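*Asks:* mind folding the following:
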Amino acid sequence: MPDKTMTADEAVSRLRDGMTVGIGGWGSRRKPMALVRALLRSGVTGLTVVSYGGPDVGMLAAAGRIRRLVAPFATLDSIPLEPHFRAARERGELDLTEVDEAMFLWGLRAAANRLPFLPVRAGLGSDVMRINPGLRTVTSPYDDGETFVAMPALRLDAALVHVNRADRRGNGQYLGPDPYFDDLFCEAADTAYVSCERVVDTAELAKGGPPQSLLVKRHRVTGVIEAPGGAHFTSCAPDYGRDEEFQRTYATTPWPEFAARYLGGDEQAYRAAVGRRP
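*Replies:* The predicted model follows:
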(Lines give C-alpha, C1' and ligand atoms only; values in the text may rest on other atoms or scores of the structure.)
Protein backbone atom coordinates (compact mmCIF):
# COMPACT_ATOMS: atom_id res chain seq x y z
CA MET A 1 0.00 0.00 0.00
CA PRO A 2 1.37 3.47 -0.86
CA ASP A 3 2.42 5.93 1.81
CA LYS A 4 0.22 8.99 1.19
CA THR A 5 1.71 11.30 3.80
CA MET A 6 2.62 14.82 2.71
CA THR A 7 2.77 18.32 4.12
CA ALA A 8 -0.09 20.81 4.00
CA ASP A 9 1.83 22.95 1.52
CA GLU A 10 2.45 19.92 -0.71
CA ALA A 11 -1.27 19.12 -0.69
CA VAL A 12 -2.27 22.67 -1.54
CA SER A 13 0.33 22.81 -4.34
CA ARG A 14 -1.87 20.35 -6.22
CA LEU A 15 -4.81 22.75 -6.28
CA ARG A 16 -5.38 25.14 -9.16
CA ASP A 17 -7.18 28.42 -9.76
CA GLY A 18 -10.89 28.04 -10.43
CA MET A 19 -11.26 24.62 -8.79
CA THR A 20 -14.33 23.55 -6.82
CA VAL A 21 -13.09 22.74 -3.32
CA GLY A 22 -15.18 21.14 -0.59
CA ILE A 23 -14.19 21.83 3.01
CA GLY A 24 -15.38 19.47 5.73
CA GLY A 25 -16.40 20.17 9.30
CA TRP A 26 -19.40 22.19 10.42
CA GLY A 27 -19.44 25.86 11.37
CA SER A 28 -16.60 26.29 13.83
CA ARG A 29 -16.18 22.57 14.48
CA ARG A 30 -13.37 20.34 13.20
CA LYS A 31 -12.45 22.50 10.26
CA PRO A 32 -9.19 21.66 8.42
CA MET A 33 -7.70 25.00 9.36
CA ALA A 34 -4.06 24.01 8.82
CA LEU A 35 -4.98 23.21 5.21
CA VAL A 36 -6.96 26.46 4.93
CA ARG A 37 -3.96 28.41 6.20
CA ALA A 38 -1.77 26.63 3.65
CA LEU A 39 -4.28 27.58 0.97
CA LEU A 40 -4.06 31.20 2.11
CA ARG A 41 -0.26 31.04 1.79
CA SER A 42 -0.61 29.82 -1.80
CA GLY A 43 -1.63 31.91 -4.76
CA VAL A 44 -4.67 29.77 -5.58
CA THR A 45 -7.74 31.89 -6.22
CA GLY A 46 -11.07 32.04 -8.08
CA LEU A 47 -12.38 29.07 -6.11
CA THR A 48 -15.86 27.69 -5.81
CA VAL A 49 -16.02 26.66 -2.15
CA VAL A 50 -18.57 24.10 -0.96
CA SER A 51 -18.88 24.09 2.82
CA TYR A 52 -21.04 24.01 5.91
CA GLY A 53 -19.35 27.33 6.40
CA GLY A 54 -17.23 28.53 9.30
CA PRO A 55 -13.95 30.41 9.59
CA ASP A 56 -12.70 28.51 6.54
CA VAL A 57 -15.19 30.46 4.47
CA GLY A 58 -14.57 33.70 6.39
CA MET A 59 -10.80 33.63 5.89
CA LEU A 60 -10.89 32.63 2.24
CA ALA A 61 -13.59 35.22 1.50
CA ALA A 62 -11.70 37.98 3.32
CA ALA A 63 -8.55 37.11 1.36
CA GLY A 64 -10.44 37.34 -1.94
CA ARG A 65 -9.96 33.69 -2.87
CA ILE A 66 -13.63 32.72 -3.35
CA ARG A 67 -15.45 33.35 -6.61
CA ARG A 68 -18.59 31.46 -5.56
CA LEU A 69 -19.70 29.94 -2.28
CA VAL A 70 -22.16 27.05 -2.07
CA ALA A 71 -23.36 26.76 1.53
CA PRO A 72 -26.41 26.55 3.79
CA PHE A 73 -24.81 28.98 6.29
CA ALA A 74 -21.56 30.57 7.46
CA THR A 75 -21.31 30.65 11.26
CA LEU A 76 -18.84 30.51 14.13
CA ASP A 77 -21.44 28.68 16.26
CA SER A 78 -20.96 30.70 19.47
CA ILE A 79 -20.87 33.78 17.20
CA PRO A 80 -23.95 33.30 14.98
CA LEU A 81 -22.82 34.96 11.73
CA GLU A 82 -19.27 34.70 10.37
CA PRO A 83 -18.23 38.38 10.32
CA HIS A 84 -15.50 38.27 7.66
CA PHE A 85 -17.76 36.33 5.29
CA ARG A 86 -20.53 38.84 5.95
CA ALA A 87 -18.24 41.78 5.16
CA ALA A 88 -17.06 40.21 1.90
CA ARG A 89 -20.61 39.39 0.89
CA GLU A 90 -21.85 42.89 1.67
CA ARG A 91 -19.05 44.28 -0.50
CA GLY A 92 -20.24 42.04 -3.35
CA GLU A 93 -16.91 40.22 -3.59
CA LEU A 94 -18.34 36.74 -4.12
CA ASP A 95 -21.38 34.98 -5.50
CA LEU A 96 -23.49 32.91 -3.13
CA THR A 97 -25.56 29.80 -3.79
CA GLU A 98 -27.50 29.35 -0.56
CA VAL A 99 -29.45 26.12 -0.06
CA ASP A 100 -31.13 24.28 2.79
CA GLU A 101 -28.88 22.07 4.97
CA ALA A 102 -30.65 18.91 3.81
CA MET A 103 -30.43 19.97 0.16
CA PHE A 104 -26.69 20.48 0.63
CA LEU A 105 -26.37 16.99 2.13
CA TRP A 106 -28.30 15.44 -0.75
CA GLY A 107 -26.07 17.28 -3.21
CA LEU A 108 -23.04 15.65 -1.58
CA ARG A 109 -24.75 12.25 -1.61
CA ALA A 110 -25.57 12.62 -5.30
CA ALA A 111 -21.96 13.48 -6.08
CA ALA A 112 -20.65 10.63 -3.92
CA ASN A 113 -22.82 8.21 -5.88
CA ARG A 114 -21.97 9.85 -9.24
CA LEU A 115 -25.60 10.77 -9.85
CA PRO A 116 -26.61 14.04 -11.55
CA PHE A 117 -29.13 14.87 -8.80
CA LEU A 118 -31.20 13.41 -5.99
CA PRO A 119 -34.84 14.23 -5.13
CA VAL A 120 -35.43 15.92 -1.79
CA ARG A 121 -38.45 17.48 -0.07
CA ALA A 122 -36.39 20.19 1.62
CA GLY A 123 -36.69 23.58 -0.06
CA LEU A 124 -40.24 23.17 -1.34
CA GLY A 125 -42.47 26.09 -0.40
CA SER A 126 -39.48 28.21 0.65
CA ASP A 127 -37.55 31.12 -0.81
CA VAL A 128 -34.72 28.70 -1.65
CA MET A 129 -36.45 28.09 -4.95
CA ARG A 130 -36.90 31.82 -5.57
CA ILE A 131 -33.28 32.80 -4.92
CA ASN A 132 -32.00 29.81 -6.90
CA PRO A 133 -34.00 30.03 -10.14
CA GLY A 134 -31.81 27.37 -11.70
CA LEU A 135 -33.18 24.68 -9.39
CA ARG A 136 -35.69 22.30 -10.92
CA THR A 137 -38.36 20.00 -9.56
CA VAL A 138 -39.16 16.41 -10.54
CA THR A 139 -42.32 14.37 -10.21
CA SER A 140 -42.29 10.85 -8.85
CA PRO A 141 -42.97 8.32 -11.66
CA TYR A 142 -44.95 6.16 -9.20
CA ASP A 143 -48.57 6.32 -8.09
CA ASP A 144 -47.90 8.96 -5.41
CA GLY A 145 -47.00 11.57 -8.05
CA GLU A 146 -45.15 13.64 -5.44
CA THR A 147 -43.07 16.65 -6.45
CA PHE A 148 -39.49 16.98 -5.20
CA VAL A 149 -36.63 19.41 -5.56
CA ALA A 150 -34.03 17.93 -7.91
CA MET A 151 -30.91 18.83 -5.94
CA PRO A 152 -27.93 18.79 -8.33
CA ALA A 153 -24.80 16.90 -7.38
CA LEU A 154 -22.10 18.93 -5.64
CA ARG A 155 -19.14 17.46 -7.52
CA LEU A 156 -15.78 18.55 -6.13
CA ASP A 157 -12.35 18.78 -7.69
CA ALA A 158 -10.81 18.44 -4.23
CA ALA A 159 -11.91 17.93 -0.64
CA LEU A 160 -10.12 19.15 2.49
CA VAL A 161 -11.10 17.52 5.80
CA HIS A 162 -9.67 17.09 9.29
CA VAL A 163 -10.04 14.02 11.50
CA ASN A 164 -8.63 12.82 14.81
CA ARG A 165 -6.50 9.94 13.53
CA ALA A 166 -5.39 8.54 10.19
CA ASP A 167 -2.92 5.98 8.91
CA ARG A 168 -0.40 6.51 6.14
CA ARG A 169 -2.63 4.75 3.63
CA GLY A 170 -5.48 7.23 3.97
CA ASN A 171 -7.89 5.57 6.39
CA GLY A 172 -9.33 8.33 8.58
CA GLN A 173 -11.00 8.08 11.98
CA TYR A 174 -13.15 10.57 13.87
CA LEU A 175 -13.42 10.15 17.63
CA GLY A 176 -15.86 12.92 18.49
CA PRO A 177 -19.66 12.92 18.66
CA ASP A 178 -20.32 13.82 15.00
CA PRO A 179 -18.66 12.95 11.66
CA TYR A 180 -19.96 16.17 10.02
CA PHE A 181 -20.26 14.41 6.62
CA ASP A 182 -16.49 14.48 6.05
CA ASP A 183 -16.69 11.06 4.43
CA LEU A 184 -19.17 12.40 1.87
CA PHE A 185 -16.89 15.32 1.01
CA CYS A 186 -14.12 12.82 0.25
CA GLU A 187 -16.43 10.58 -1.78
CA ALA A 188 -17.80 13.54 -3.75
CA ALA A 189 -14.31 14.69 -4.78
CA ASP A 190 -11.83 13.69 -7.46
CA THR A 191 -9.03 14.16 -4.91
CA ALA A 192 -9.19 14.31 -1.11
CA TYR A 193 -6.64 15.59 1.40
CA VAL A 194 -7.09 14.51 5.00
CA SER A 195 -5.28 16.27 7.82
CA CYS A 196 -5.27 14.63 11.23
CA GLU A 197 -4.16 15.20 14.79
CA ARG A 198 -1.94 12.14 14.63
CA VAL A 199 -0.84 9.57 12.06
CA VAL A 200 -0.92 6.09 13.60
CA ASP A 201 -0.40 2.51 12.49
CA THR A 202 -3.46 0.94 10.91
CA ALA A 203 -3.82 -1.47 13.84
CA GLU A 204 -4.04 1.50 16.22
CA LEU A 205 -7.16 2.76 14.46
CA ALA A 206 -9.04 -0.39 15.43
CA LYS A 207 -7.96 0.05 19.04
CA GLY A 208 -8.92 3.71 19.17
CA GLY A 209 -12.59 3.40 18.33
CA PRO A 210 -15.34 1.19 16.89
CA PRO A 211 -15.50 0.33 13.19
CA GLN A 212 -18.19 3.01 12.72
CA SER A 213 -15.57 5.66 13.49
CA LEU A 214 -13.51 4.64 10.44
CA LEU A 215 -15.60 6.60 7.95
CA VAL A 216 -12.88 7.93 5.64
CA LYS A 217 -11.65 5.12 3.40
CA ARG A 218 -8.17 4.97 1.91
CA HIS A 219 -9.34 4.48 -1.68
CA ARG A 220 -10.96 7.93 -1.55
CA VAL A 221 -7.91 9.72 -0.12
CA THR A 222 -5.08 11.30 -2.11
CA GLY A 223 -2.98 12.70 0.71
CA VAL A 224 -2.61 12.46 4.49
CA ILE A 225 -1.23 15.41 6.48
CA GLU A 226 -0.24 15.06 10.12
CA ALA A 227 -1.22 18.36 11.72
CA PRO A 228 -1.47 18.39 15.52
CA GLY A 229 -3.82 21.20 16.44
CA GLY A 230 -4.71 21.41 12.77
CA ALA A 231 -8.33 22.40 13.43
CA HIS A 232 -7.41 25.36 15.68
CA PHE A 233 -9.20 27.60 16.51
CA THR A 234 -12.21 25.40 15.82
CA SER A 235 -12.93 22.37 17.99
CA CYS A 236 -11.67 18.85 17.43
CA ALA A 237 -13.40 16.76 20.09
CA PRO A 238 -12.25 14.89 22.08
CA ASP A 239 -8.72 16.21 21.47
CA TYR A 240 -9.60 19.84 22.23
CA GLY A 241 -12.46 22.29 22.28
CA ARG A 242 -12.94 25.50 20.37
CA ASP A 243 -10.56 28.30 21.38
CA GLU A 244 -13.28 30.81 22.20
CA GLU A 245 -10.87 33.58 23.21
CA PHE A 246 -8.95 33.37 19.96
CA GLN A 247 -12.17 33.07 17.97
CA ARG A 248 -13.34 36.35 19.50
CA THR A 249 -10.02 37.89 18.49
CA TYR A 250 -10.54 36.63 14.94
CA ALA A 251 -14.11 37.91 14.81
CA THR A 252 -13.33 41.39 16.14
CA THR A 253 -10.02 42.12 14.39
CA PRO A 254 -10.04 43.77 10.94
CA TRP A 255 -8.90 41.24 8.38
CA PRO A 256 -5.68 42.98 7.21
CA GLU A 257 -4.52 43.28 10.82
CA PHE A 258 -5.46 39.68 11.66
CA ALA A 259 -3.76 38.29 8.55
CA ALA A 260 -0.59 40.29 9.17
CA ARG A 261 -0.41 39.25 12.82
CA TYR A 262 -1.23 35.55 12.50
CA LEU A 263 -1.01 34.40 8.89
CA GLY A 264 2.17 35.97 7.59
CA GLY A 265 4.37 32.89 8.05
CA ASP A 266 4.20 29.12 8.01
CA GLU A 267 2.30 26.84 10.38
CA GLN A 268 5.02 27.00 13.03
CA ALA A 269 4.87 30.79 12.95
CA TYR A 270 1.10 30.60 13.41
CA ARG A 271 1.49 28.34 16.43
CA ALA A 272 4.03 30.71 17.95
CA ALA A 273 1.78 33.72 17.30
CA VAL A 274 -1.22 32.13 19.03
CA GLY A 275 0.87 30.56 21.78
CA ARG A 276 -0.14 27.04 20.84
CA ARG A 277 2.07 23.97 20.94
CA PRO A 278 1.25 20.70 19.09
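
*Asks:* next, the buried residues of the longest helix along the chain.
*Replies:* When the chain is parsed with DSSP state H, its longest helix is helix 101-112. Under the neighbour-count criterion of 16 or more other CB atoms under 10 Å, helix 101-112 has Met103, Phe104, Leu105, Trp106, Gly107, Leu108, Arg109, Ala110, Ala111, Ala112 buried. For every residue, glycine as well, the C-beta is placed using N, CA and C.

*Asks:* which of the residues you listed lies closest to Arg248?
*Replies:* Nearest to Arg248 among the buried residues of helix 101-112: Phe104, at 27.6 Å, using CB to CB.

*Asks:* so where's the chain uncertain?
*Replies:* 276-278 (pLDDT under 70).

*Asks:* if you set the cut-off to 90 instead, what comes out?
*Replies:* 1, 275-278 (pLDDT under 90).

*Asks:* strands of that one, residue ranges please.
*Replies:* Assigned by DSSP state E, the strands in the chain fall at 20-23, 47-51, 66-71, 95-98, 117-120, 136-139, 147-152, 156-166, 172-173, 189-199, 223-226.

*Asks:* partners of the second one in the sheet?
*Replies:* So that's strand 47-51. Strand 47-51 has the following strand partners under DSSP bridges: strand 20-23 (parallel), strand 66-71 (parallel).

*Asks:* please identify the most buried of those.
*Replies:* strand 20-23 (a mean of 26; mean count of other CB atoms under 10 Å).

*Asks:* outside of it, which residues touch it?
*Replies:* Residues from elsewhere that reach strand 20-23, judged by CB atoms under 8 Å, 6 or more residues apart in numbering: 15, 31-32, 36, 47-51, 56-57, 108, 154-161, 185, 188-189.

*Asks:* residues in contact with Val149?
*Replies:* By CB under 8 Å, 6+ apart, the contact list for Val149 reads Met103, Pro119, Val120, Arg121, Ala122, Gly123, Leu124, Val128, Met129, Leu135, Arg136, Thr137.

*Asks:* the second one against Tyr142, yeah?
*Replies:* It refers to Pro119. No. Between Pro119 and Tyr142 there is no contact under CB atoms under 8 Å: 11.6 Å.

*Asks:* and those two? Which one has more around it.
*Replies:* Neighbour comparison, Pro119 and Tyr142: the larger count goes to Pro119, with 16 against 7 (by other CB atoms under 10 Å).

*Asks:* beta partners for the more buried one?
*Replies:* When assigned by DSSP bridges, Pro119 has beta-bridge partners Ala150.

*Asks:* mind listing what it touches?
*Replies:* By CB under 8 Å, 6+ apart, the contact list for Pro119 reads Val138, Ser140, Phe148, Val149, Ala150, Met151.

*Asks:* count of neighbours near the closest residue to Ala71 other than its chain neighbours?
*Replies:* Leaving aside its sequence neighbours, Ala71 sits nearest to Gly53 (CB to CB, 6 or more residues apart in numbering; 4.4 Å). For Gly53, the count of nearby residues is 27 (other CB under 10 Å).

*Asks:* how near is Gly53 to Val163?
*Replies:* The spacing between Gly53 and Val163, counted by CB to CB, to the nearest Å, is 19 Å.

*Asks:* and what of Arg37?
*Replies:* From Arg37 to Val163 the distance is 17 Å (CB to CB).

*Asks:* the two - which one has more neighbours?
*Replies:* Neighbours were counted for Arg37 and for Val163 using other CB under 10 Å; Val163 has more, 32 against 23.

*Asks:* who are the neighbours in contact with the more buried one?
*Replies:* Arg30, Gly172, Gln173, Tyr174, Asp182, Val194, Ser195, Cys196, Glu197, Val216.

*Asks:* let me have those in JSON lines, extended by distance to Gly209 and neighbour count.
*Replies:* Listed next are those as JSON lines, based on distance: CB to CB, whole Å; neighbours: other CB atoms under 10 Å:
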{"residue": "Arg30", "distance to Gly209": "15", "neighbour count": "28"}
{"residue": "Gly172", "distance to Gly209": "11", "neighbour count": "29"}
{"residue": "Gln173", "distance to Gly209": "6", "neighbour count": "24"}
{"residue": "Tyr174", "distance to Gly209": "8", "neighbour count": "26"}
{"residue": "Asp182", "distance to Gly209": "15", "neighbour count": "27"}
{"residue": "Val194", "distance to Gly209": "16", "neighbour count": "30"}
{"residue": "Ser195", "distance to Gly209": "18", "neighbour count": "27"}
{"residue": "Cys196", "distance to Gly209": "13", "neighbour count": "27"}
{"residue": "Glu197", "distance to Gly209": "13", "neighbour count": "21"}
{"residue": "Val216", "distance to Gly209": "13", "neighbour count": "27"}
